[in-house]
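any chance you could fold what I've pasted below:
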Amino acid sequence: MGPREIRLALAASALLAGATATHAATWELDLDLRAVTSDATTSVLDGGYNPTRFSGHQSGLQLGRLRLALDAPIGEVWKLHLDASAWGDAYENPVGLTEAYLQFRPYPSHNLRVRVKAGAFFAPVSLENGAAGWASPYTLSYSALNSWLAEEVRTVGLETKVDWLGTRSGLPFDIGAVAGVFGWNELAGAALAGRGFILDDRQTPLFDSAGKVESPTGARIDPFRQIDGRAGYYGGVDLQYPGRLVIAALTYDNRADPTAADAASHVIAWRTTFDSVGARMEYGAGWTAIAQWLQGQTEISPGGHLREWPFNARYVLLSKRIGRRHMLSVRYDRFEVDSRNAEADGAQAGHAWTAAYVFDPGKAWTVTVEWLRVTSSSYSGSEILDSAGPVRDNQAQLSVRYALGSTPY
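I've put the predicted structure just below:
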């Protein structure tokens, strides 16, 4: 089944849900407008190598995101979820689906709760992006770790989550296990090897391109492709003390054959694996702390010549909610892409500071001010920018978001 068939299947599912449960559907529509100032020469999303969303020449008024989401119940235990967005910088399509899945949610039985998803959705890696539309409630720009997931990693397949609800037996914790099997993600890692990590909040729509930069093989970066017919998988566990602490770990392998190539376009499959572990703690008077680490490797082997790019990213975030309307957050990121090749193409190292203030005046409005500073050096960027040392990019954003829907945003 190719991208066209998947689109048709998703459209058919939407029509079916609309015909059977439109009266019970809930929806969300939100518009995020930004006032931006940036001193980056040319950002990755603009075709360059600076690891921010906006370039200097894009300073001014920009569209942060226009989003429409639909949740349509089908009977008592099934639900269809569709999430579509426009970002103002289309590569293939001006509007695209970021998630589209059918979920089975039977009632808990004997302290066990089961959830099954089928379709396209984000793997359960992030401890930061817990708001609607897989956004971060703390900052505008995601961490480097989650920015990469938003750009290149998406489950197009099946996921099962099982939770043992110890809290129903008087214990203070629940334990969960998740497993997923997927396809159509065999170019995940190409963008990372091509120009490294970025810090932004743009999610690549399904079957769209990841920026304007080509991979080291010269191929267009379209991460959601199936080339060798092999299914990938992930599995994870988590421990939750509801309202206080979450500890989670996950391993991921897309199982792509790094020697396989598409017969028509000659695009090579990228074998990408990673492990992630992290914790989120909520405590006393509105404090939240998150720490997460991810380490992996992506590789190709054109003509039997192996090329490898190990990578890692980690961040620490601290957030304080003040009353019901104000929140302050600060995050520190470190990230690195190594290059085990004859040349250091794709190598990158850097760190970043992010600070954000969120004001929620109510009645569907949210105002966010964010400052981001990224200090990084990369092999590709140094050639283009003619600079051997680290480059420091600063970006500030003022976001005004208006949301409406059938349920509170």
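
going forward, measure contacts between C-alpha atoms and count neighbours the same way
Will do.

just the buried residues of stretch 156-168, please?
Buried residues in stretch 156-168, defined by neighbour count with 16 or more other Cα atoms under 10 Å: 156-166.

just checking, which of these belong to helices?
Among those, no residue falls in helices (DSSP state H).

return the member of those residues nearest to Ser339.
When those are ranked by distance to Ser339 (Cα to Cα), Val156 comes first, at 28.7 Å.

which residues does that closest one contact?
With contacts defined as Cα atoms under 8 Å, 6 or more residues apart in numbering, Val156 is in contact with 118-121, 182-185.

give me the contact list for stretch 165-173.
Under the criterion Cα under 8 Å, 6+ apart, residues 111-113, 174-175, 239-242 lie in contact with stretch 165-173.

distance between it and the chain's centre?
Relative to its parent chain, stretch 165-173 has a centroid offset of 31 Å by Cα atoms, centre = their mean, to the nearest Å.

how about the helices in the stretch 151-300 of the chain?
Along the stretch 151-300 of the chain, counting by DSSP state H, counting those that start in this stretch, helices occupy 190-195.

shaky segments in the chain?
For the chain, applying pLDDT under 70 flags the ranges 1-23, 213, 215-219, 381-388, 407-409.

center of it - which residue?
Nearest to the mean C-alpha position of the chain, by Cα atoms, centre = their mean, lies Ala150 at 2.3 Å.

wasn't it part of a helix?
Yes: Ala150: assigned to a helix according to DSSP: H, G, I helix; E, B strand; the rest coil.

name all residues that make contact with it.
Counted by Cα under 8 Å, 6+ apart, Ala150 has contacts 201-204.

helix/strand/coil for Leu145?
helix.

please enumerate the helices of the stretch 1-150 of the chain.
Going by DSSP H, counting those that start in this stretch, the stretch 1-150 of the chain shows helices at 3-21, 144-152.

convert the last one to CSV, retaining C-alpha atoms only.
These are the backbone C-alpha positions of helix 144-152, laid out as CSV (Å, rounded to 0.1, in the frame of the first residue of the first chain):
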residue,chain,number,x,y,z
ALA,A,144,16.0,19.6,19.9
LEU,A,145,14.9,16.1,20.7
ASN,A,146,11.3,16.7,20.1
SER,A,147,11.8,19.0,17.1
TRP,A,148,13.5,16.0,15.4
LEU,A,149,10.6,13.7,16.2
ALA,A,150,8.2,16.3,14.9
GLU,A,151,10.1,16.5,11.6
GLU,A,152,11.1,12.9,10.8
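
tell me the strands in the stretch 301-409 of the chain, going along the chain?
Using DSSP state E, counting those that start in this stretch, the strands of the stretch 301-409 of the chain run over 307-322, 326-337, 348-362, 365-378, 391-405.

paired strands for the last one, with orientation please.
Put plainly, it is strand 391-405. With DSSP bridges as the test, strand 391-405 is paired with strand 26-38 (antiparallel), strand 365-378 (antiparallel).

also the longest one?
Taking DSSP bridges as the criterion, strand 307-322 sits next to strand 287-300 (antiparallel), strand 326-337 (antiparallel) in its sheet.

tell me what angle the longest one forms with helix 144-152.
Our comparison of strand 287-300 with helix 144-152, counting by axes from the mean of the first three to the mean of the last three Cα atoms, to 10 degrees, yields an angle of 50 degrees.

ok so, going back, using a markdown table, please lay out the contacts of Val156 together with distance to Trp309.
Listed next are these as a markdown table, based on distance: Cα to Cα, whole Å:
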| residue | distance to Trp309 |
| --- | --- |
| Ala118 | 31 |
| Gly119 | 29 |
| Ala120 | 27 |
| Phe121 | 26 |
| Phe182 | 23 |
| Gly183 | 22 |
| Trp184 | 21 |
| Asn185 | 17 |
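
show me those that map onto strands.
If you go by DSSP state E, the contacts of Val156 have 118-121, 182-183 in strands.

filter those down to the buried ones, PyMOL style.
To isolate the buried members of the ones in strands among the contacts of Val156 in PyMOL, using 16+ other Cα under 10 Å:
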select buried, resi 118+119+120+121+182+183
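
now flag whichever of the ones in strands among the contacts of Val156 is closest to Leu66.
Among the ones in strands among the contacts of Val156, and counting by Cα to Cα, the member closest to Leu66 is Phe121, at 18.6 Å.

what sits against the closest residue to the closest one other than its chain neighbours?
Excluding its sequence neighbours, the residue lying closest to Phe121 (Cα to Cα, 6 or more residues apart in numbering) is Glu99, at 4.8 Å. Residues near Glu99 by Cα under 8 Å, 6+ apart: 81-84, 119-122, 206.

right, I'll leave it there.
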